[in-house]
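**Q** The following comprises the amino acid sequence and a computationally predicted model.
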Amino acid sequence: MKKNKISKNWINKQRRDIYVKKSKIEGYRSRAVYKLEEINTKFKIFSNGSKIIDLGAAPGSWSQYISKKVKNNKTIAIDLNEMEKIENITTVKGDFTHETIQLKIIQLLGMKVDVILSDMAVNTTGNKDLDSIQTGELCLQAMAFSKKYLSSNGKFISKIFMGSSFNEIVKTGKEYFKEVKVFKPKSSRKDSKENFIICRYLR
Ligand SMILES: C[S@@+](CC[C@H](N)C(=O)[O-])C[C@H]1O[C@@H](n2cnc3c(N)ncnc32)[C@H](O)[C@@H]1O
């Protein structure tokens, strides 16, 4: 399919999408917020006072949700792109895969984090296999970081795409964590290969 046809289809989908409409009414920056809401309703991810890292946070709907729903949270939001400020959230602009950025996050938040979220995704190339492999690599890096810095009861939640790296991600998750679940929220588009991995209790 040609690129301008793909973007026309995307615009039409956005217009019809109930979650896009809802996010505008409720003042969220992206429909992605409803995926996090569904994950939290099902898996009870957040508690008041949680120390949280939001990876791939821009434009910021997940951080907006945390800011509203989790009392006294300490949250660091990281993205390659600049993010507009959100109350109670510290934003860091940079590439999470760089060691300097990872050290900066831990200096700001301290060790033993309660929740690490990753909605990181590479810019789509149009090649679904390549996109899934590259986003899978980001998930594996975030998982390795979580193994180092999560508290023993900590939770790691990440976007993944069904594809060739899926088995490796689930296998690594099971090596690091006692409980690993894969979940597709209703608000995740049905025609997308997107799913979320929910990992709890470090081994
Ligand atoms: C789907 S969006 C996240 C949406 C966000 N959860 C929200 O609720 O608004 C994916 C984000 O991942 C970011 N990203 C991709 N690779 C990254 C990296 N290496 N380091 C930091 N952010 C990254 C992109 O810049 C993009 O903003």
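**A** Yes, it's here. Numbers count the residues shown, from 1 in each chain.

**Q** Tell me how many other residues crowd the residue lying closest to Ser50 once chain neighbours are set aside.
**A** Nearest-residue entry for Ser50: Asp114, 4.2 Å, with adjacent residues in sequence omitted and distances by CB to CB, 6 or more residues apart in numbering. Every C-beta, even on glycine, is put in place using the N, C-alpha and C of the backbone. Using other CB atoms under 10 Å, Asp114 has 20 neighbouring residues.

**Q** is the strand ranked longest in the chain up against the ligand anywhere?
**A** The single longest strand within the chain, with elements called by DSSP state E, is strand 150-161. No - Strand 150-161 is not in contact with the ligand by CB under 6 Å from any ligand atom; minimum separation 7.1 Å.

**Q** elements contacting that strand?
**A** Strand 150-161 sits against helix 33-43, strand 113-118, helix 128-149, helix 166-176, strand 194-202, with contacts defined as 3 or more CB pairs under 8 Å, 6 or more residues apart in numbering; DSSP states H and E.

**Q** Which residue does this structure have closest to the ligand?
**A** Going by CB to the nearest ligand atom, the ligand is nearest to Gly56 of the chain, at 2.8 Å.

**Q** and the closest residue to that residue other than its chain neighbours, what is it in contact with?
**A** Excluding the flanking residues, the one nearest Gly56 by CB to CB, 6+ apart is Met120, at 3.1 Å. Shown in contact with Met120 (CB atoms under 8 Å, 6 or more residues apart in numbering): 55-56, 96, 135, 138-139, 142, 158-159.

**Q** least confident pick among those residues?
**A** Among those, Thr135 carries the weakest pLDDT, at 93.

**Q** Please, which helix or strand holds the nearest residue to it once chain neighbours are set aside?
**A** Using CB to CB, 6+ apart and skipping the chain neighbours, the partner closest in space to Thr135 is Ala121 (4.9 Å). For Ala121, there is no enclosing helix or strand under DSSP states H and E.

**Q** Any idea how many residues pack against Ala121?
**A** Residues near Ala121, counting by other CB under 10 Å, number 17.
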